[in-house]
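**Q** Quick one, structure for this:
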Amino acid sequence: MAITDSVPIFAEGTYEEQILELVNYLARALPEDGRAAYIQPFQDAVATPEDQKPVDEEPERKREVLGSVLQEVKGLGEGSEKEIEGFFNLLFSHLLTLYPLDAPEIRTRLDALLKAISSSPGHSSTKYRILTNLFNAIPRRSSLRLLVYTALLEQASANDELDILGLSQSEVDKWLSEWEISSEEKSAFLKLIVDTSTKADQAATSYEFQLSYVRSLPPSSPAAHSAAMDAVAAALRLPSFFDFDPLFRLDAVVAAKNHELFSLLHIFLNDGLAEYKTWASSNAAALTKYQLDGAQLERKIRLLTLATLGFQNMGRDVPYATIASALQVDPAQVESWVIDVIRAGLLSGKLSQTAQTLRVTRASSRAFERPQWELLEKRLQVWKACFAAVLETVSATRRKGGQAATPGGDAAAAAGAVAASGIETPQAAAQVAVA
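**A** Numbering: from 1, shown residues only. The predicted model follows:
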């Protein structure tokens, strides 16, 4: 469901006519013989006695009349979906026009209205449209948008329809930068998204917002400490998540360096299977406490260990025996682990069953700090030297004139020089095959 910027809501007729239209809609819920008596007080309130100004010219009187109408809204009312939506659009128009957006009274009125809408049975899709219309009608910097979107989230969560909101991290970041709300309110809103995403079994989305929630808290606060460890546990639980470096960039995570999960996180960023097994044997209770699957963690650390081994041997052949030793598996299992790490997007390469080697063409680094930059510099220097040799070969070929008249001669010479130098071309680097 798209949420756009502020949009106007137009209403036709005089204020008196619009109020009576609202009241007549509310009266539908009453027995027919009681409707006239229900409507009469509102007719009197908007009527213009002799020697008095019309209600349209008295803002305070208009607010009083609207307040009386708002008190009568107990639910969606009796009408078609189009009529329900039209009723609330007209009501919103007056509410946002007659009350200052920063006044406490409008928050009280709006809160009561949102509860009436949310608690009314049925009409789920109509509720989404009503609340979305209200959200869009409120100026984008107003704190009232927080109230409305909170109601939308709670409605979607209660109906197990969170996907209908199409919530995205970039969109939420934009709203939080615009809304004039306190840091505590921002944190509470992010926590609500985390909780609703978790309830909807959207673990990846929940983790994404958990990071934002941790960043929104004072790093040294108990709340930040608890949230940081929850985020670490969530990352470890995700079966296809391998990028742990962002967690180490959170001050609240670094501040919890004495926590048992911090040491486990350190292993997943820097160490291998042996270190994980040592940790697991000493922290079995932590696995249960944080709902961590030991077998799943062992699989993840093996894949990360293999990715690191590949990164250290980029452009080279890695023997099966070396891989089997690093992963602590039988050599016969190496190929299945390599296929798994390729599927996880951590490595690309070509297996040779005859040579019993893995030719690594691309691999991910768990972190990118000074050692990784130094390794990258060395590889770039090697490539620079190799391409200098390629250029020299091409120049020598041109000087000899042996292929000057042959279409594509320079390209063939360059390709031959690249092959001779052992450089992986982009095409070769893209290959993922079992030979």
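**Q** What strand or helix carries residue 190?
**A** Secondary structure from DSSP states H and E places residue 190 in helix 183-199.
**Q** What ranges does the stretch 101-250 of the chain have for its helices?
**A** All helices of the stretch 101-250 of the chain, identified by DSSP state H, counting those that start in this stretch, fall at 104-119, 124-137, 144-158, 169-178, 183-199, 203-215, 222-237, 245-248.
**Q** Could I get these in CSV, plus columns for distance to residue 88 and mean neighbour count?
**A** Just so you know, the C-beta spots here come from the backbone N, C-alpha and C atoms, and that holds for glycine as well. Formatted as CSV, the helices of the stretch 101-250 of the chain follow (distance: least, Cβ to Cβ, whole Å; neighbours: other Cβ atoms under 10 Å):
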stretch, distance to residue 88, mean neighbour count
helix 104-119, 7, 16
helix 124-137, 5, 20
helix 144-158, 12, 20
helix 169-178, 22, 13
helix 183-199, 23, 18
helix 203-215, 29, 21
helix 222-237, 36, 20
helix 245-248, 42, 16
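**Q** Need those in TSV (columns: distance to residue 264 and mean pLDDT).
**A** Shown next, in TSV, are the helices of the stretch 101-250 of the chain (distance: least, Cβ to Cβ, whole Å; pLDDT from 0 to 100):
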stretch	distance to residue 264	mean pLDDT
helix 104-119	41	94
helix 124-137	41	94
helix 144-158	31	96
helix 169-178	26	95
helix 183-199	21	96
helix 203-215	16	96
helix 222-237	7	95
helix 245-248	11	92
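**Q** would you list these in CSV and tack on distance to residue 258?
**A** Converted to CSV, these look like this (distance: least, Cβ to Cβ, whole Å):
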stretch, distance to residue 258
helix 104-119, 43
helix 124-137, 44
helix 144-158, 35
helix 169-178, 30
helix 183-199, 24
helix 203-215, 18
helix 222-237, 11
helix 245-248, 15
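**Q** Return the list of helices and strands in contact with the helix holding residue 190.
**A** helix 144-158, helix 169-178, helix 203-215 (3 or more Cβ pairs under 8 Å, 6 or more residues apart in numbering; DSSP states H and E).
**Q** what about 7 Å?
**A** Helices and strands touching helix 183-199, by 3 or more Cβ pairs under 7 Å, 6 or more residues apart in numbering; DSSP states H and E, are helix 144-158, helix 203-215.
**Q** can you pull the alpha-carbon coordinates of it into CSV?
**A** Only the C-alpha atoms of helix 183-199 are listed here, as CSV (Å, rounded to 0.1, in the frame of the first residue of the first chain):
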residue,chain,number,x,y,z
SER,A,183,14.2,10.6,19.9
GLU,A,184,12.3,8.4,22.4
GLU,A,185,9.3,8.4,20.0
LYS,A,186,11.5,7.4,17.1
SER,A,187,12.9,4.5,19.1
ALA,A,188,9.5,3.4,20.1
PHE,A,189,8.3,3.5,16.5
LEU,A,190,11.3,1.4,15.3
LYS,A,191,10.7,-1.1,18.2
LEU,A,192,7.1,-1.4,17.1
ILE,A,193,8.2,-2.3,13.5
VAL,A,194,10.7,-4.8,14.9
ASP,A,195,8.0,-6.5,17.0
THR,A,196,5.4,-6.5,14.2
SER,A,197,7.9,-7.9,11.7
THR,A,198,8.9,-10.6,14.2
LYS,A,199,5.3,-11.5,14.8
